[in-house]
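> Give the three-dimensional model of this entry:
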Amino acid sequence: MKKSTARWLIVLKKCLCYSVQIDGSADRQQIDSKFITARFVPSNEISMQSLFLGISSSDKGGGEGLLDAFRTCIQDFGVGTEKLVGVTTDGENANTGKKGGLWKLLRDHVGRDILTAWCICHRSDLALESVQAEVPELSIWMTNVLSFVSFFRTSPRRTKLLHQENGKCLKFPKHFEVRFAEHTLNLLNAVLHNLEAGEKMFQKMISGTVTSERNERSMVQGLLSKWKAGSQQLWLTVVMYDLCVIFQRIQKIFERSDLILPDIITARGAAIRNLIIMKEMPVPGGKEEHYLRNLELSGEENKSLRQTNNQFVTSMRSSDDAVRVEIVQSAINFLNERMNIEEDGTIIKLKNVIESKSPREFIASRRDLISQTFGDKGLEEFAGDVCASWSIISEIKEIALEDSGSI
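Sure, this is the predicted structure:
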């Protein structure tokens, strides 16, 4: 263990309070490991620190396994739960289940209420996933994207032929079912970058310049038809690329170790303002704008027309207007729905703390939480500390946040 990290572990043990973030992932051996990070307020300074505690696993499943992995991790470092005030996880039932989820089991384990939060980065990911499920064209679009990628990923020979057309072709990344925007963006970037070389290779296969089997030529003809200039498939790809850029930007903010709740509101607002612009026109300087400009210069036409039996959608309407509106409006709706962190009143409570003008107002703004977390004795000590330290508290303008590394 590094000396600096060991020092922060001592600070964690002596901290005023701490919360944990628990995230799970199965490796190639299908061992379900839990990645545990602590965030804490040192006892001797006004700051907030983040410390990666490590990776833990359990033979148990569900919420019990999550609790067991957490207990094992903190016990290994001699950290108790007396000062634990909150936990952040994703939204799966093993975490959030009312009867057997980690949130419920952790409250029972510590014997009091704690703050529970559904990871905002996972929420934004679900918003992007919901957009793809909501708009009819996008399910077919993603299938076609994966078909294009699989055509090369499943054949070293085809990949070699592709790179012979252009030595700067990008490697096609594996598509993650947990579709954080960055993964989807990397996939679309590789497709768009390699598309021209791919089309040249397809033409050579069809003409016989490059030897290919009959079923392979049939696949190539289908791919050429779907990905030709002016097609809906290609247009949707550039639109979704621009959408993923907005989601990637907001998720990068949410991944920061110094994130606080007001930052989430600010980032969400910025993303929605960008989406409102995108609903009305292509993103300035984005992939769609570049694509449409090149299409116009080449004399091609954007032939993306929508034909659907959906009773709420007009048949045969122009995709570059109607579908964009539906895609972007769905993104706005789901961002508001999935990222509604004001629903439990947390933001209002924080605002009351920040705007407190006197010790009485400050104590009243935190009274219920302190009492639930630390009991009457803790509330009494809190009130005394506020009064004793009010001259310092009232002068605080900014709190330092720092990532203290990993153990």
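> Does the biggest helix by length in the chain pack against any helices or strands, and if so which?
Scanning the chain for the helix with the most residues, using DSSP state H, yields helix 359-393. Contacts defined by 3 or more C-beta pairs under 8 Å, 6 or more residues apart in numbering; DSSP states H and E place helix 359-393 against helix 346-354. For glycine as for every other residue, the C-beta is placed from the backbone atoms N, C-alpha and C.
> Number of residues surrounding the residue nearest to residue 271 when sequence neighbours are not counted?
Once flanking residues are discounted, residue 271 sits nearest to residue 250: 4.5 Å by C-beta to C-beta, 6 or more residues apart in numbering. By the other C-beta atoms under 10 Å criterion, the neighbourhood of residue 250 contains 24 residues.
> State the pLDDT value of residue 250.
Confidence at residue 250, expressed as pLDDT, is 90.
> So for the longest helix of the chain, mean pLDDT?
Mean pLDDT, helix 359-393: 86.
> ok now that helix, how far from the chain's centre?
35 Å (C-alpha atoms, centre = their mean, to the nearest Å).
> on that earlier part again, residues contacting the residue nearest to residue 271?
124, 267-268, 270-271 (C-beta atoms under 8 Å, 6 or more residues apart in numbering).
> can you give me the helices in the stretch 51-200 of the chain?
Ranges of helices in the stretch 51-200 of the chain, per DSSP state H, counting those that start in this stretch, are 62-76, 93-96, 102-110, 120-134, 136-153, 156-165, 181-207.
> ranking the ones you listed by mean pLDDT, which is last?
helix 120-134 (a mean of 82).
> Between the helices of the stretch 51-200 of the chain, which one is closest to residue 373.
Nearest to residue 373 among the helices of the stretch 51-200 of the chain is helix 102-110; the distance by C-beta to C-beta comes to 9.3 Å.
> could the helices of the stretch 51-200 of the chain be laid out in a markdown table, adding distance to residue 224 and mean neighbour count?
Listed next are the helices of the stretch 51-200 of the chain as a markdown table, based on distance: least, C-beta to C-beta, whole Å; neighbours: other C-beta atoms under 10 Å:
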| stretch | distance to residue 224 | mean neighbour count |
| --- | --- | --- |
| helix 62-76 | 48 | 19 |
| helix 93-96 | 44 | 18 |
| helix 102-110 | 50 | 18 |
| helix 120-134 | 25 | 20 |
| helix 136-153 | 11 | 17 |
| helix 156-165 | 14 | 15 |
| helix 181-207 | 5 | 18 |
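> one step back: from the contacts of residue 250, keep the buried residues only.
Buried by 16 or more other C-beta atoms under 10 Å: 124, 267-268, 271, out of the contacts of residue 250.
> Helices - which of these land there?
124, 267-268, 271.
> Lowest-confidence entry in those residues?
On pLDDT alone, residue 124 ranks lowest of these, at 80.
> Spit out the contact partners of it.
181, 247, 250-251, 254, 335, 338-339.
> Rebuild these as CSV, extending it with distance to residue 53 and secondary structure.
As requested, those are exported to CSV (distance: C-beta to C-beta, whole Å; DSSP: H, G, I helix; E, B strand; the rest coil):
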residue, distance to residue 53, secondary structure
181, 27, helix
247, 29, helix
250, 27, helix
251, 23, helix
254, 20, helix
335, 31, helix
338, 28, helix
339, 27, coil
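> Output the residues you listed as CSV; include the columns distance to residue 222.
Formatted as CSV, those follow (distance: C-beta to C-beta, whole Å):
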residue, distance to residue 222
181, 28
247, 30
250, 36
251, 34
254, 39
335, 35
338, 35
339, 39
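> Between those residues, which sits nearest residue 81?
residue 254 (26.3 Å).
> tell me which of the ones in helices among the buried ones among the contacts of residue 250 is nearest to residue 352?
Looking across these and measuring by C-beta to C-beta, the closest to residue 352 is residue 268, at 21.2 Å.
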